[in-house]
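[1] The following block contains a protein sequence and its predicted model.
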Amino acid sequence: MAKRVIVSKCLLGYRCRYDGRSCLDRELKKCLKEWEVVGVCPEELGGLRGRRGPFQIKGKTREVFLGKAKVVDRKGRDFTREFLEGAFSTLKIAKSKGVKIAILKSKSPSCSPDYIYDGSFKNRLVKGEGITCFLLKQHRIKVFTSDEFKRYILSYKKSQSRRG
């Protein structure tokens, strides 16, 4: 098992979400005690700071990389460049640190490995991935939500206790 992991900074308690808040996951932090944690916020890495957004992807995530879809705020302003820059910066960090696992925030247009908002700004979730998640997966980095990772660690510990 890898001992180094990328984690969305908001899950670690940093106030870096679009609304200036965090999503501290204390249980996740306990699970990460034996890991070297590399905290990242792709939106901040892309140049977006403080309160911003919210943002949603207009189109399919894959199409953002092809220039056929974009990331916009509620007013329709295009922030695709910042989201792509943040995703590629996160990938660069992952590669430089030899990271093979990432734990990213669900429902985020940057990070989400499971659900994103549909681009209508009507609070509708759809199955999908954020920009950074998509890019990391393309480079064979395993991406989890915090809940998936906690289940993964629990099952890994159970399997180790059966062996030992």
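    Cool, got the structure. Numbers count the residues shown, from 1 in each chain.
[2] now the closest residue to residue 116 other than its chain neighbours: how far from residue 139?
    In this structure, residue 116 finds its nearest non-sequential neighbour in residue 128, 4.3 Å apart by C-beta to C-beta, 6 or more residues apart in numbering. Any C-beta I mention is one placed from the backbone N, CA and C, and that applies to glycine too. Distance from residue 128 to residue 139, counting by C-beta to C-beta, to the nearest Å: 19 Å.
[3] okay, those two: which has more neighbours?
    Legend: neighbour count by other C-beta atoms under 10 Å for residue 128 and residue 139, higher for residue 128 (21 against 10).
[4] can you tell me which residues contact that one?
    57, 60-61, 112, 115-116 (C-beta atoms under 8 Å, 6 or more residues apart in numbering).
[5] what's the first-to-last distance across stretch 47-63?
    End-to-end distance of stretch 47-63 (C-alpha to C-alpha, to the nearest Å): 22 Å.
[6] just the helices in the protein please.
    For the chain, the helices defined by DSSP state H occupy 26-31, 42-45, 61-65, 80-97, 131-138, 146-163.
[7] Run the chain-centre distance for the first one.
    The gap between where helix 26-31 is centred and where its chain is centred comes out at 17 Å by C-alpha atoms, centre = their mean, to the nearest Å.
[8] what does the last one give?
    Computed by C-alpha atoms, centre = their mean, the chain-centroid distance of helix 146-163 equals 21 Å.
[9] And the contacts of it?
    Contacts of helix 146-163 (C-beta under 8 Å, 6+ apart): 1, 11, 25, 27-28, 31, 101, 103, 105-106, 113, 144.
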